[in-house]
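Asker: Task: produce atomic coordinates for the following.
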Amino acid sequence: MSVVSRVSAIPVVGLPEIVPGDDLGVLIAEQLVVNGTALADGDLVVVAQKVVSKAEGAVQLISAQVPGAQALELAERLGKDARIVQIVLDQSKRVVRAVPGVLIVETVHGFICANAGVDQSNIETEGLVTTLPVDSDRSALVIREVLAEQSGCDVGVLVSDTFNRPWREGSINVAIGVAGFDPLQDLRGTIDDFDREMTTSTVSVADEVASTAQLVMGESGRIPVAIVRGVDWEPGNYLAGRLIRPANRDLFR
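Answerer: The predicted structure is shown next:
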């Protein structure tokens, strides 16, 4: 697989505020018509986790939480709301790092991120937080099926979220759910520009596409969907778990 010389990111503007029960695939397809944007074979559609969570009802009422002993202890140590800490713990396998102001966990999905993806931003109703979708791969698949049927095109879909990274300042958009394409590009065994065989190079195409889309989606402004066009990708029934490095190959775990 190779990337062609021109890659573009097209924002899908004008989507309504998403509420539980909304069919995101249908809404995206309808808005593309309104915008005069037609999907093409090979497009990758990036959908922000926040609207997926809203549509699927992956929200929690802060006032309904009853913090346990671990949540109370962590909240006091970190200077956080114990009720929100409890939501984070409910979404987590383990706590990776906990220092004042920072709570890094491994989510039930296997992602390492701050606060298990629990977030209060871009929510119209006060007192609610969103959590990550139960199965972002399934979410991406459902959206892909609708878009493929409506457009007649072979497209890939990914659900993205904004993560921070160790040893690097600034957040970046990454894929937490994929459908229809291989999220990794394995370059091992291919030849570089100087006729040397590459032995370790594996590229996260899905994360690169998610970051490209973020340039036009932004962190605010109500643009939760973008089309990334011009990336050559391999089709297949893959999951975002393919992007998670196994513990036996993780030098920092």
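Asker: so which helix or strand takes in the nearest residue to Gly241 once chain neighbours are set aside?
Answerer: Leaving aside its sequence neighbours, Gly241 sits nearest to Gly110 (Cβ to Cβ, 6 or more residues apart in numbering; 6.3 Å). Placement of C-beta: from N, CA and C, glycine included. Using DSSP states H and E, Gly110 maps to neither a helix nor a strand.
Asker: Could you measure from Gly110 over to Arg245?
Answerer: Separation of Gly110 from Arg245 (Cβ to Cβ, to the nearest Å): 10 Å.
Asker: what's the answer for Asp195, then?
Answerer: Counting by Cβ to Cβ, the gap from Asp195 to Arg245 is 30 Å.
Asker: If you count surrounding residues, which of the two has more?
Answerer: Each of Asp195 and Arg245 has its neighbours counted (other Cβ atoms under 10 Å); Arg245 has more, 12 against 6.
Asker: Per-residue pLDDT of that one, please?
Answerer: Arg245 is assigned 88 on the pLDDT scale.
Asker: quick one: it from Thr202, how far?
Answerer: Between Arg245 and Thr202 the distance is 10 Å, computed by Cβ to Cβ.
Asker: and if you look at Ala29?
Answerer: 33 Å.
Asker: ok, these two, which is more surrounded?
Answerer: Ala29 (18 against 11).
Asker: residues in contact with the more buried one?
Answerer: By Cβ atoms under 8 Å, 6 or more residues apart in numbering, the contact set of Ala29 is 146-147, 150-151.
Asker: Can I get the strand of greatest length in the chain in PDB? Just the C-alpha atoms.
Answerer: Taking DSSP state E as the criterion, the chain has its longest strand at strand 168-179. Extracted in PDB, the C-alpha atoms of strand 168-179 (Å, rounded to 0.1, in the frame of the first residue of the first chain):
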ATOM      1  CA  ARG A 168       5.300  14.700  23.500                       C
ATOM      2  CA  GLU A 169       3.500  18.000  24.200                       C
ATOM      3  CA  GLY A 170       0.100  18.500  22.600                       C
ATOM      4  CA  SER A 171      -2.700  16.100  21.800                       C
ATOM      5  CA  ILE A 172      -3.300  14.300  18.600                       C
ATOM      6  CA  ASN A 173      -6.300  12.500  17.000                       C
ATOM      7  CA  VAL A 174      -6.100   8.700  16.900                       C
ATOM      8  CA  ALA A 175      -8.300   5.900  15.700                       C
ATOM      9  CA  ILE A 176     -10.300   4.000  18.400                       C
ATOM     10  CA  GLY A 177     -12.500   2.100  15.900                       C
ATOM     11  CA  VAL A 178     -12.100   1.100  12.300                       C
ATOM     12  CA  ALA A 179     -14.200  -0.600   9.600                       C
END
